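Q: Generate a structure from the sequence data that follows.
(one chain, ligands or ions: 1)
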Amino acid sequence: MTRLIFLGPPGAGKGTQAQILAEHLHIPHISTGEILRQAMKEQTPLGIKAQSYVDGGELVPDQLVQDLVAERLNQQDAKSGWILDGFPRKVTQAAFLEELLQKTGQGGERVVNLDAPDAVVIARLLDRGRKDDSEEVIRRRLEVYRNETAPLIDYYRDRQKLLTVNGDQSQAEVTVELQTVVGS
Ligand code: ADP
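A: All right, here's what the predicted structure looks like:
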């Protein structure tokens, strides 16, 4: 049973690596960013509520992402494990997740901190060119990452759940290091 949380700055390669590993392990890759972008595309109530936050590089309110994660982890395919990518993104979300996993008997999760220097992630994001990848929004997302998300590194280290992978390598090298660290 593999339950993994992917942590790291935007542009570190979480989405790509989470997808590859999830396929390898036959477990769902749950990306809150992807779910929100899909909801915005379809203009669902969730998408409409999230839009202005995502476009500005701000975090959407906890309640919205927490509800969607609770619902997603309750689905049948998540019973055999999962990779969470983009959640939690702040300490309040981590506390929520801890309680949710405890209540639903889904413990044993580990956290992969995929790290890469600012210069590297900025270059990658500018190259990617998603709608929220303008230079100004990228700068804001990195600031939010540093202020809100980076404290989770200590949070999970204290709980002895943290694994670290160097994201500043080729995609194939990261995949190998990740599989070694996770032991799959
Ligand atoms: P990146 O990895 O480039 O930061 P994501 O696809 O993970 O991009 O997230 C894109 C956007 O979706 C974020 O900037 C934020 O607005 C919103 N988002 C995703 N996950 C969360 C979350 N857990 N809490 C709040 N907002 C979120």
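Q: Now H29. Its backbone dihedrals?
A: Dihedral pair for H29: phi -100, psi 110, per degrees, to the nearest 10.
Q: How many residues are close by G11?
A: 24 (other CB atoms under 10 Å). No exception for glycine: its C-beta is placed from N, CA and C like everyone else's.
Q: so which strand or helix has the closest residue in space to G108 that isn't next to it in sequence?
A: In this structure, G108 finds its nearest non-sequential neighbour in R3, 6.0 Å apart by CB to CB, 6 or more residues apart in numbering. Using DSSP states H and E, R3 sits in strand 2-7.
Q: follow-up on the earlier one: bridged to the residue nearest to G108, which residues?
A: Per DSSP bridges, residues listed as beta-bridge partners of R3: W82.
Q: L59 touches Y53, doesn't it?
A: Yes. If you go by CB atoms under 8 Å, L59 and Y53 touch, sitting 6.6 Å apart.
Q: Contacts for stretch 169-176, please.
A: Applying CB atoms under 8 Å, 6 or more residues apart in numbering, the set of residues contacting stretch 169-176 from outside is G13, T16, Q17, I20, L21, L114, V165, N166, G167, E177.
Q: what do you get if the cut-off is 10 Å, keeping everything else the same?
A: The contact list for stretch 169-176, computed with CB atoms under 10 Å, 6 or more residues apart in numbering, reads 12-13, 16-17, 20-21, 24, 114, 116, 165-168, 177.
Q: Give the buried residues for it.
A: Neighbour-count burial for stretch 169-176 flags V174, T175 (criterion: 16 or more other CB atoms under 10 Å).
Q: how about the nearest residue to the residue in the chain that the ligand sits nearest to, chain neighbours excluded?
A: Using CB to the nearest ligand atom, G33 is the residue of the chain that sits closest to the ligand, at 1.8 Å. Using CB to CB, 6+ apart and skipping residues adjacent in sequence, the residue nearest G33 is G86, 4.6 Å away.
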